[in-house]
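Q: generate coordinates for the sequence data below:
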Amino acid sequence: MKLNRNNINTAARPIRVVQFGEGNFLRAFIDWMIQELNEKADFDAGVAVVQPIPQGLGELLNAQDGLYHLYLKGIEKGKLINRHQLVDCIQQVVNPYEDYQGYLELAKVETLQFIFSNTTEAGIRYHEADKLDEVQDSFPAKLTALLYERFRHFGGNISKGLHILPCELIDKNGQILKETILKNIENWQLPKAFQNWIETACTFYNTLVDRIVPGFPKDRIEEIHKELGFEDQLVVEGEQFHLFVIEGDEKIKEVFPAEKIGLNVIVTDNQAPYRTRKVRILNGAHTSLVPIGILSGVETVKEGLDHEQVGAFLKQLIKEEIVPTLPASEGIHEFAEDVLDRFRNPFVKHYLNSISLNSFPKFNTRVLPSISGYFIKEGKFSQRLLVAFAALIKLYDPKNEQGFEPQDDQEVVDLLRSLWENYYATQGNLESVVAGVLAFETVWGANLNNLGNLKAKLTQYLAQIQEEGIGVLLEENLNLV
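A: Sure, this is the predicted structure:
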């Protein structure tokens with residue numbers, strides 16, 4: 001039986017949330033929280049999902065009327081958790097690339113209160129080429145257009161401002177999103193009154209999100225369909241653990257009462273300590289594992305931990321090269337051990353290919369700060385983190401033996417393809433490949449070629465991967481086995 005609202009009885013709810021992004025994480029995190037609030041706190045919130053890029057899951061979500069099942073697995077307070085639930089809070093899915101006017105109509109919804117988003121680290125960027133009168137490429141420009149339509153429709157009514165909580169994993173995500181919107185207002189020469197409305201009526205929050213979400217359980221979907229009695233093509237799996245840190249005014253607790261039903265939501269005036277250790281340890285380890293693991297023939301995070309060489313590499317990378325670069329804080333070593341336990345979760349199959357989305361901007365925000373921190377502290381570059389960096393460059397080689405196809409910003413993919421094609425055409429100059437990557441200021445924010453002996457070390461490791469394979473590098477150069 002198909003999963004849709006004709007075949008299952010669900011409540012119709014007023015749209016209180018516009019959500020940019022229809023991927024696994026938001027559906028297993030924000031939409032799950034809204035579902036919990038609806039069921040346990042009479043929150044009565046419906047979600048309108050906006051597909052942020054031309055290709056996405058919008059059509060599939062619409063085919064299921066926004067319905068899907070979430071499976072949560074793990075260990076909670078010593079007990080095995082394996083539960084699933086129907087999530088029915090998504091009421092509408094809009095693809096602005098196909099229906100831009102329908103997208104702008106969301107601005108006129110009387111009951112709208114919240115904006116949530118997760119467009120990856122590459123999502124919150126200023127695109128000067130975006131225009132007001134046509135579908136915009138960037139997420140901040142789309143949101144600017146939506147907010148301007150709301151401002152005009154309600155005549156600048158201050159009570160129609162929104163709570164805006166971006167979930168992209170960049171530092172000060174709410175602040176940066178607001179600054180980017182203000183740039184769009186200036187570029188489009190929109191009224192000063194609209195800028196004032198953004199400043200006074202809308203509240204932007206910096207956030208931190210934490211839940212491992214492997215996504216669609218393709219290996220056992222037939223078994224799940226039999227268990228559910230429905231054909232659900234949007235089943236999503238996640239771990240039981242979750243954390244949502246919101247930096248800002250505590251008035252958010254009144255309109256988003258997550259704490260009242262026991263959700264792990266922390267409202268604070270400083271989310272930096274939570275963010276730094278989570279991004280650098282958990283996300284940094286994930287992002288470092290992707291190229292090392294894939295080049296080693298590993299498919300999932302747990303397989304990486306169980307792999308003799310890869311597992312030893314990752315553990316030492318965390319304990320010896322990431323943790324020492326972080327400010328000393330209570331519980332940081334325990335947090336690192338907990339991260340490794342979460343990676344070992346036998347109930348969650350987290351594919352490295354899924355984590356590999358936008359690996360270069362992720363590397364910039366999640367791993368490069370640890371590389372810099374180690375250099376500042378020790379006066380030299382960390383070995384394992386640079387091996388991960390070199391492995392990432394190799395992973396984007398179109399001739400990689402694993403058949404890996406990068407899912408990244410097209411500019412990144414094109415640059416790496418060009419560098420590698422030139423390497424093969426000229427019969428080998430790996431230093432030029434590394435130099436081209438390090439000079440890519442769009443990703444790094446600066447040219448990294450003159451940063452100590454970074455270029456030389458990366459070239460050395462890349463050459464070893466190219467000539468001998470990643471396994472030899474792990475074993476012989478880092479003495480991990």
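Q: could the C-alpha coordinates of stretch 469-476 be exported in PDB?
A: Below are the C-alpha coordinates for stretch 469-476, written out as PDB (Å, rounded to 0.1, in the frame of the first residue of the first chain):
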ATOM      1  CA  GLY A 469      47.900   3.400  -2.000                       C
ATOM      2  CA  ILE A 470      46.400   4.700   1.300                       C
ATOM      3  CA  GLY A 471      47.100   1.500   3.200                       C
ATOM      4  CA  VAL A 472      50.800   1.700   2.900                       C
ATOM      5  CA  LEU A 473      50.800   5.400   4.000                       C
ATOM      6  CA  LEU A 474      48.800   4.600   7.100                       C
ATOM      7  CA  GLU A 475      51.000   1.600   8.000                       C
ATOM      8  CA  GLU A 476      54.500   2.800   7.200                       C
END
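Q: how distant is that stretch from the center of its chain?
A: Centre-to-centre, stretch 469-476 and its host chain are 30 Å apart (C-alpha atoms, centre = their mean, to the nearest Å).
Q: cool, stretch 237-255 as well?
A: The answer for stretch 237-255 is 16 Å, by C-alpha atoms, centre = their mean.
Q: got it, and stretch 220-234?
A: Offset of stretch 220-234 from its chain centre (C-alpha atoms, centre = their mean): 26 Å.
Q: quick one: low-confidence ranges for this structure?
A: 75-79, 476-481 (pLDDT under 70).
Q: what does the domain assignment say about it?
A: When the chain is parsed with automatic domain parsing, its domains come out as 15-268, 272-478.
Q: nearest to Arg5, of these?
A: Taking C-beta to C-beta, domain 15-268 is the member of these nearest to Arg5, at 4.2 Å. Quick note: C-beta positions are derived from backbone N, CA and C, even for glycine.
Q: can you count the residues close to Met33?
A: 22 (other C-beta atoms under 10 Å).
Q: cool, the one 3 residues further on as well?
A: The tally of other residues near Glu36 (other C-beta under 10 Å) stands at 18.
Q: how about Lys377?
A: If we define neighbours as other C-beta under 10 Å, then Lys377 has 11 of them.
Q: list the contacts of it.
A: Pro324, Thr325 (C-beta atoms under 8 Å, 6 or more residues apart in numbering).
Q: so it versus Val323, what's the distance?
A: Distance, Lys377 to Val323, by C-beta to C-beta, to the nearest Å: 12 Å.
Q: rewinding a little: including distance to Asn7, could the domains of the chain go into a markdown table?
A: Shown next, in a markdown table, are the domains of the chain (distance: least, C-beta to C-beta, whole Å):
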| stretch | distance to Asn7 |
| --- | --- |
| domain 15-268 | 7 |
| domain 272-478 | 28 |
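Q: now do the contacts for the residue nearest to Ile470 when sequence neighbours are not counted.
A: Setting aside the residues directly before and after it, Ile470 is nearest to Leu295 in space (C-beta to C-beta, 6 or more residues apart in numbering), at 4.3 Å. The contact partners of Leu295, taken as C-beta under 8 Å, 6+ apart, are Ala391, Lys394, Leu395, Asn400, Gln402, Ile465, Gly469, Ile470.
Q: tell me how far the helix or strand Lys457 falls within lies from the chain's centre.
A: Assigned by DSSP states H and E, Lys457 belongs to helix 454-468. Mean-position distance between helix 454-468 and its chain equals 29 Å (C-alpha atoms, centre = their mean).
Q: which helices and strands sit right next to it?
A: helix 383-395, helix 430-438 (3 or more C-beta pairs under 8 Å, 6 or more residues apart in numbering; DSSP states H and E).
Q: got the CA coordinates for it in CSV?
A: Below are the C-alpha coordinates for helix 454-468, written out as CSV (Å, rounded to 0.1, in the frame of the first residue of the first chain):
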residue,chain,number,x,y,z
LEU,A,454,51.7,22.8,4.2
LYS,A,455,52.1,22.5,0.4
ALA,A,456,55.2,20.4,0.7
LYS,A,457,53.7,18.0,3.2
LEU,A,458,50.4,17.6,1.3
THR,A,459,52.4,16.9,-1.9
GLN,A,460,54.4,14.3,-0.1
TYR,A,461,51.4,12.5,1.3
LEU,A,462,49.5,12.8,-2.0
ALA,A,463,52.4,11.3,-3.9
GLN,A,464,52.5,8.3,-1.5
ILE,A,465,48.8,7.7,-1.9
GLN,A,466,49.1,8.0,-5.7
GLU,A,467,52.1,5.7,-5.9
GLU,A,468,51.5,3.2,-3.1
